[in-house]
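In: build me a model from this:
(chains A and B)
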Amino acid sequence: MMPDFDQDGKGETKQWQPDLTVPAVLLEGVSKSYGRIFALSNITMALNGGVTGVLGMNGAGKSTMFKLLMGKLKPSQGKIRLFGTDPWKNPAPYARVGFVPEHEKMYDWMTAHQFVSTFARLNGLTRAEAGVEADRVLNFVGLADVAHKKLGQYSKGMRQRAKIAHALVNDPDLIILDEPLQGCDPLARTTIMNVIRELGRMGRTVLVSSHILQEIERITEQIIILHNGRLLALGNLHAIREKLDQIPHRITIEADDAKALAKDVIDMDGVQGISFPDQKNLTIQTHNLGAIHAQLPKVIVDHAHTVHTIDNPDDDLASILGYLTSGGGV
Amino acid sequence: MQAKPNTIYRSLDRKAAALTEFTMRQYRTKVSTWVVLGVGLVAISLVMLIYIDVMATGFESVDNDGDSYDFDNDGYPNGQELKLGTDPYMADSHPGLLDPPVEPEPASNYIDEDGFDISLQGTSNLQSTGFDDDGDCYNYDGTSSRKDGNNNNIECDVLLVQNRYTGEWEIVYDLNVDEDPDDAAYVAEATHMAFVLGIGKMGFVLLLGLFLPLFLATGLIRDEMSAGTMHYMLAKPIARTEVFLYRILGYLGIVWPYFIVLGVIFATISGFMGPGEGVFRFQDLGVWLAIVFATMMASFVYGMLFCTMGVMWRYGIVLAIPFAAWELGMCLVSMGAPEAAILRFSVIGWALMIVDAAAVLVWPNMDLFLLKGNSMQDFSAIKSSALALDFFYSKPGIGSSGLVSSVIATVVLLIQGAFLWFIGGAIFKGKEIE
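Out: From the prediction side, this is the model:
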């Protein structure tokens, strides 16, 4: 058999056959420990299709879970399957998987096109096919016009998009993105979110991690919450939110005349108490966040108050985690 | 162009080509690569400059037997008087008084006038060879026993005696036979060969073959693991042992052409600068070929080894340095005692065997050449150059012929490399990558 030096044949990528009767991602009782410290503890879940947000604070075990799925780490206990195959023992499932690692380091001396097409050839594509595929995915992530610039000259957001292009080049069925929005400017953030939503619409299984609730909320409703290596919640973000709304919440308003605003706000339904952290700020306590948000704009406009910011300091991951870990449960 | 059918092999070499190309390009973008290659070039070029200087200066012939002098100041050099039977110590006995009278010859005729005429024929361990070129033995005014100092009943010859226990030869000269060989020619030839072997063994195989992999191959996998960029490679359907092999191929794609280019340059320079009747010493090309090949083989095995050490431990170079010291020691052992069994446990012992084998094949008369040089007086230029050559020249230590030795050494090096790939790949496979 002569080597294919000219590489003009048609690429063969899918020697390995996935088991389509099982979920794309399956974890059964998976734990990963370093000595006596558990990075991940007894995780069981199955995912197939759609976008799933993986939420957790730094160190919650998001990256560990992804590295286990990508066969970079060996589970201390339990079973991991990608399309029915153990990724630690067999790299074949990656023919259908795309992975965006969290690491910032890239090959700065390569252009985005070289970066994407070179690694596409590791899927078994020919040089020519890889070039065509690279053009396609770079266009998909919106980097077509800068595809031949060196990665070293890219901004953070462009680098993240190049990494996503690298992951999408083999047209994968499962895409795993580790903190893809971290450090991105708003424009890149929007582009990346659109790309992820689009992948979801195309029926792909997407796993995307973040430690910022609002980011995930804009992408998907299906979430997994990890905390200290444990699976805290798995399900619909709305269900979690509704329960969350039942617990006391704070709304902070910065206004020119906080005292005057307080007089008008106190009559609204659901307001349980008002306090003034300082001259310009007003804090409302409530059990019914939705009701307050429904009435607040009208009150402000009717009484011609000048309001600078409205903030929900409790509407973040930390408060959800606080609620879930205090025995709320979902 | 017609599309070729797909096979698993085709998709394999697509991956191999991609990763090998990538690795070569990555090397080219690193400053450290150029620094290492540049330092290697400078170091080895300095040795070559010394060689060029020595060869360009040339060697001066010395009158080894003193017969270019005129002891009795009668105008005739001693050699001429000895040849014609007059007394070199008495001014009133000289060839001018002979009938017919003989004109004095220039003294330079009696420098290098009696060279080596020794050759080894057949398998007898007691051989008579050679003759007296300048006639100062044949015409010597003395008894027959003075003219047959080696007692083989042949006047004015050279006796080759083989020690029946050690197998080593010894030269026993008759009086005034081969007593004034051409120093310049011998020293030039010996120095040239010593330099070729010295640069080849110490410069190419040891310095380049060992230290280039030490600096270039140790981080081949480890640097990617540390930087986190390994994730881009391993996120693709490719086995880690494959990644290991293709990274090595990329590394060889950089260092092998470098060795070949250097080898061609050095072979050309030494071919033109070296002594010989022709313009170019074509016969040495075989040795240069073996030197470059041995360096390539050594860099292949060392590359696998150091890359494995890098995978094993973040500070793999710390593991590699003691090993490099061991190989340096083995290199020196190989030159002194090429048959030492401990060399079988080294890489360089086998690599140098390839060079030794080629030297034996290309320079078949080396034993006699060294024997002649060693038969000269201590501290003579000839003996010193012969000792230098003797240091760098050794016979393949496994006792086989040149060809068989080089084949065996190559096979052993290939097995060593394949074994290290197996080990390195297995370790890499079991490594968790953060």
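In: got the buried residues for the helix or strand in which A:V299 is found?
Out: Here A:V299 is covered by helix A:289-302, with elements defined by DSSP states H and E. Neighbour-count burial for helix A:289-302, counted by 16 or more other C-beta atoms under 10 Å in any protein chain shown, picks out A:L289, A:I292, A:Q295, A:L296, A:I300. Heads up, the C-betas are built off the backbone N, CA and C, glycines and all.
In: what does stretch B:219-231 give?
Out: So for stretch B:219-231, counting by 16+ other C-beta under 10 Å, buried means B:G219, B:L220, B:I221, B:R222, B:E224, B:M225, B:G228, B:T229, B:M230, B:H231.
In: which SSE is the nearest residue to the first one once chain neighbours are set aside in?
Out: With C-beta to C-beta, 6 or more residues apart in numbering or on different chains as the criterion, B:G219 has its nearest non-adjacent residue at 5.8 Å, and that residue is B:G310. Using DSSP H and E, B:G310 falls within helix B:285-312.
In: still on that earlier bit, ok, the buried residues of stretch B:219-231 vs B:V196, which is closest?
Out: Ranked by distance to B:V196 (C-beta to C-beta), the buried residues of stretch B:219-231 are led by B:L220 at 32.0 Å.
In: what is the neighbour count of A:I216?
Out: Neighbour count of A:I216, defined by other C-beta atoms under 10 Å in any protein chain shown: 26.
In: how much space between A:L226 and B:E242?
Out: 33 Å (C-beta to C-beta, to the nearest Å).
In: whoops, A:M268 was the one
Out: 66 Å.
In: what does B:G271 give?
Out: For B:G271 relative to B:E242 (C-beta to C-beta), the value is 42 Å.
In: which non-adjacent residue is nearest B:I321?
Out: B:I321's closest residue in space is B:L214 (C-beta to C-beta, 6+ apart), at 7.6 Å.
In: secondary structure element for that neighbour?
Out: Going by DSSP H and E, B:L214 is in helix B:209-216.
In: and if you look at A:R250?
Out: strand A:249-255.
In: now do the contacts for the one residue in the stretch 151-300 of chain B that gets nearest to chain A.
Out: At 3.2 Å from chain A, B:G228 is the closest residue in the stretch 151-300 of chain B, using C-beta to the nearest C-beta. Residues near B:G228 by C-beta atoms under 8 Å, 6 or more residues apart in numbering or on different chains: A:P101, A:H103, A:E104, A:K105, B:E434.
In: any idea which of those is least confident?
Out: Lowest pLDDT within the contacts of B:G228 is found at B:E434 (82).
In: I'd guessed that one sits against A:K67; true?
Out: Yes. Taking C-beta atoms under 8 Å as the definition, B:E434 is a contact partner of A:K67 at 7.4 Å.
In: which residues are in contact with both of these two?
Out: A:L73.
In: give me the low-pLDDT residue ranges for the chain?
Out: Picked chain A for this. Scanning chain A for pLDDT under 70 picks out the ranges A:1-16, A:243-247, A:314-316, A:327-330.
In: I was thinking of chain B, sorry if that wasn't clear
Out: Looking at chain B by pLDDT under 70, you get B:1-12.
In: what segments of the stretch 251-400 of chain B are helices?
Out: Ranges of helices in the stretch 251-400 of chain B, per DSSP state H, counting those that start in this stretch, are B:285-312, B:316-336, B:348-362, B:366-374, B:381-392.
In: could I get these as JSON lines with mean neighbour count?
Out: Converted to JSON lines, the helices of the stretch 251-400 of chain B look like this (neighbours: other C-beta atoms under 10 Å in any protein chain shown):
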{"stretch": "helix B:285-312", "mean neighbour count": "25"}
{"stretch": "helix B:316-336", "mean neighbour count": "17"}
{"stretch": "helix B:348-362", "mean neighbour count": "26"}
{"stretch": "helix B:366-374", "mean neighbour count": "19"}
{"stretch": "helix B:381-392", "mean neighbour count": "20"}
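In: okay, the ones you listed in a markdown table with distance to B:L19 next?
Out: A markdown table is the format used below for the helices of the stretch 251-400 of chain B (distance: least, C-beta to C-beta, whole Å):
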| stretch | distance to B:L19 |
| --- | --- |
| helix B:285-312 | 14 |
| helix B:316-336 | 20 |
| helix B:348-362 | 27 |
| helix B:366-374 | 45 |
| helix B:381-392 | 40 |
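In: does B:D132 really touch B:V177, like I thought?
Out: Yes. Contact criterion C-beta under 8 Å: B:D132 and B:V177 qualify, at 4.8 Å.
In: buried set for the following helix or strand past the helix holding A:V299?
Out: Once helix A:289-302 ends, the next helix or strand along the chain (criterion: DSSP H and E) is strand A:307-311. By neighbour count with 16+ other C-beta under 10 Å, strand A:307-311 contains the buried residues A:V307, A:I310.
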